[in-house]
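> sequence isn't available, so here's the structure alone:
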């Protein structure tokens, strides 16, 4: 222990390694996760009076909270519209309930501000609240340094116990109990909704692929289209196919609209399967693949930046851009906030969504120029990243007096807001400020893990006395603060807001910001359909819940 005490960097990385190992332990559908595991290990090591400089905690928390805001920014602003109001209502239910219950418990059981904030963070299963609340406690006036340290330690301890019970409750309640309360088989209901969204087409399981893909290419020998131009041929087929190559003898010709086809030309066409079959009746017999004429389909990932596309469905996008069908280009994947959504006709697109387009290269390039920009996220723009964190830190220093209560966002709230704004601004023109999703996710996870480890090491000495004093209350609080808002949201979402049942279950997991819950839900559903509800509430709650920490601390500390 002496070596670890003298070299706190050893303790820090030992907490990360051992914590994530503990987080992998599974009981049924429940795993603690790396963050909770790290906090448990760091609390144990902290009892040996091992600590890390507070500046390390501040720096890594700023990195975490800015990355969180950056990743959520595009969808947060996109969801501020009429269509998302019903999901926004669920987030407000969560916000009011957790704040109200935490405040009520604090007053009813005479809890100190640190314990109350820890209950709020743990029961809401929102790790970011630990940071914002801890920082807010450090700014309370009238407290000695020892009191501040003690209360900050109580945040971590109460969070650990409440998080464990809150996590188990939200996972089991959403994935197992809610389908029974709604009287549905979640897998069947998700598949039915998916088929409805696709216009009746059957959905695929996660390990299935189309045996007959919709987009295909074929080569034909010209026997019937002699004397017709490529433009005339494409028009005759309703613009549903494109000619991508023409071979005359040993020469490869450029397939311009005015090129006239002659007998025995070899023609490659690309389009939907039904249109390709019909093309054979207009051109001639199909031939095997011809060397030099087998033009591959191109694939590009495109970030949506076009104003007209924002808020429209895929069906509407394809209708507004006839080039999709005319040039044989198709959307095969939609990614939002690192979550893969169904690429169905009814999926609504927002600025910042990343679409995977597949089709003939010529038509693909024309569409990319119209609807967005090719995603270039190969390196991080540290200039943009650095200025974003600086702006957030400065914003967090602003203090506003609400009566006699001084309120400030702190570094956490300031960096969260700057991250939202910088991420949103980047999504509008993805030609600057690159922050690759993998890098942002790594920085977010590492920042939070290091912050939690530092907090746990500092809180270790206060953990056992707090558990002895409030041992029975903490599990009760963790369960109650999940069940109350989730149950109210279930009733309101179904009876008043008329949200489809699979989407509602996903949305309730999102309002709780619970990744383990949505993982369990999608496993039970055998579908990604619940993610459509989850992404909206998850984005909104990711912004709103961290702000509850300073609010509760400010009210209780007044």
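Looks like it arrived, so ask away. This one's a predicted model, so the numbers in the text were calculated from it and none came from an experiment. Numbering: from 1, shown residues only.
> how about the helices in the stretch 351-500 of the chain?
With DSSP state H, counting those that start in this stretch as the criterion, the stretch 351-500 of the chain has helices at 361-371, 382-396, 410-428, 437-470, 473-491.
> does the first one pack against any helices or strands, and if so which?
Applying 3 or more Cβ pairs under 8 Å, 6 or more residues apart in numbering; DSSP states H and E, one finds that helix 361-371 makes contact with strand 241-248, strand 298-304, helix 323-326, strand 329-336, strand 354-359. No exception for glycine: its C-beta is placed from N, CA and C like everyone else's.
> repeat that for the fourth one.
Helix 437-470 makes packing contacts with helix 8-23, helix 34-46, helix 54-78, helix 128-138, helix 145-172 when contacts are defined by 3+ Cβ pairs under 8 Å, 6+ apart.
> any idea which of those helices gets closest to residue 315?
For residue 315, the closest of these is helix 54-78, at 18.5 Å, according to Cβ to Cβ.
> neighbours of residue 145, how many?
Residue 145 has 8 neighbouring residues, counting by other Cβ atoms under 10 Å.
> same deal with the one 5 residues further on?
Counted with other Cβ under 10 Å, residues neighbouring residue 150 total 19.
> doesn't residue 114 make contact with it?
Yes: contact criterion Cβ atoms under 8 Å: residue 150 and residue 114 qualify, at 7.0 Å.
> ramachandran angles for the residue lying closest to residue 536 once chain neighbours are set aside?
Spatial nearest neighbour of residue 536, excluding adjacent residues (Cβ to Cβ, 6 or more residues apart in numbering): residue 87 at 4.4 Å. Backbone torsions for residue 87, taken as degrees, to the nearest 10, come to phi -80, psi -30.
> return the helix or strand in the protein with minimum mean pLDDT.
When the helices and strands of the chain are compared on mean pLDDT, DSSP states H and E, strand 405-408 comes out lowest with a mean of 58.
> show me the contacts for residue 543.
69, 72, 76, 416, 420 (Cβ atoms under 8 Å, 6 or more residues apart in numbering).
> so which of the residues you listed is surrounded by the most neighbours?
For the contacts of residue 543, the largest number of neighbours (other Cβ under 10 Å) sits with residue 416, at 31 neighbours.
> hang on, that one packs against residue 67?
No: using Cβ under 8 Å, residue 416 makes no contact with residue 67, being 10.0 Å away.
> residue 342 touches residue 528, doesn't it?
Yes: if you go by Cβ under 8 Å, residue 342 and residue 528 touch, sitting 6.0 Å apart.
> in three-state terms, label residue 224 for me.
Under the three-state scheme (DSSP: H, G, I helix; E, B strand; the rest coil), residue 224 adopts coil.
> test my guess that it contacts residue 283.
Yes: taking Cβ under 8 Å as the definition, residue 224 is a contact partner of residue 283 at 6.0 Å.
> more crowded one of those two?
Each of residue 224 and residue 283 has its neighbours counted (other Cβ under 10 Å); residue 283 has more, 26 against 15.
> does the residue nearest to that one when sequence neighbours are not counted count as helix, strand or coil?
Leaving aside its chain neighbours, residue 283 sits nearest to residue 220 (4.2 Å; criterion: Cβ to Cβ, 6+ apart). Under the three-state scheme (three-state DSSP), the conformation of residue 220 reads as strand.
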